[in-house]
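J.: Next comes the sequence, and after it the predicted model I'd like to discuss.
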Amino acid sequence: MTETATRVHADTYVDSVLLMAATRAMSGAPGVEWAAAVMGTPANVEDLAAAGFDVPGVRANDLVLAVRAGTAPQAAAGIDAGDGTLAAAAAREEPGGPEAAEVPRTVEDAPLPHSRPTRPCRRACTSCCSATTSGSATRWT
């Protein structure tokens, strides 16, 4: 006999790359036979119902984790593996998280997208270079 488990995170949008990562983490948990991390769209809810999962009241912006495993503890561990993957990704993206970087507040503070050009560019901006024009001459600083 197999056991199923689901966990719904209301109003929690997750992009498809993270959904695949969570699905892979859950699928790799011991005893897990089937797993999916999906958004609660009508099509996904229909697919889950066809696979034997009951997720009433799920909305399109809800995250759904679903696992089928050999035992209830294995199913719960599978769900936890998916949640752990999503939590680790969220920690990397949170301000102040392990990989946080200071967000520039002005164009002048933003990093240059490329090295300074060797000749004037045709754009009338100062985001990629610091050229000033006086009369007909361009002076690079």
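T.: Alright, I've got the coordinates. Numbers count the residues shown, from 1 in each chain.

J.: count of neighbours near the nearest residue to residue 52 once chain neighbours are set aside?
T.: Closest residue to residue 52 apart from its sequence neighbours, by C-beta to C-beta, 6 or more residues apart in numbering: residue 4 at 6.2 Å. Placement of C-beta: from N, CA and C, glycine included. Look at residue 4: counted by other C-beta atoms under 10 Å, it has 17 neighbours.

J.: you'd agree residue 4 is in a strand?
T.: Yes. Read with DSSP: H, G, I helix; E, B strand; the rest coil, residue 4 is one of the residues of a strand.

J.: and it, bridged to which residues?
T.: Residues in a beta bridge with residue 4, per DSSP bridges, are residue 68.

J.: Number the residues from 59 up from this point.
T.: Sure thing, new numbering starts at 59, so read that last one as residue 62.

J.: Please look at it and residue 125 and confirm they touch.
T.: Yes. Here residue 62 reaches residue 125: they are 6.9 Å apart, a contact under C-beta atoms under 8 Å.

J.: Pull up the overlap in contacts between the two.
T.: Jointly contacting residue 62 and residue 125 under the rule C-beta atoms under 8 Å, 6 or more residues apart in numbering are residue 133.

J.: Tell me where the protein has helices.
T.: Read by DSSP state H, the chain holds these helices, from start to end of the chain: 74-85, 100-108, 130-151.

J.: Give me the residues contacting the shortest one.
T.: Contacts to helix 100-108, defined as C-beta under 8 Å, 6+ apart, come from residues 64, 94, 96, 113, 116, 118, 122, 124.

J.: Quick check: pLDDT value at the first one.
T.: Meaning residue 64. As summarised for this prediction, residue 64 has a pLDDT of 97.

J.: cool, and the fourth one?
T.: With respect to pLDDT, residue 113 has a value of 91.

J.: pretty sure residue 94 is in contact with residue 81, am I right?
T.: Yes. A contact is recorded between residue 94 and residue 81 when judged using C-beta under 8 Å, the distance being 5.6 Å.

J.: With that, I have no additional questions.
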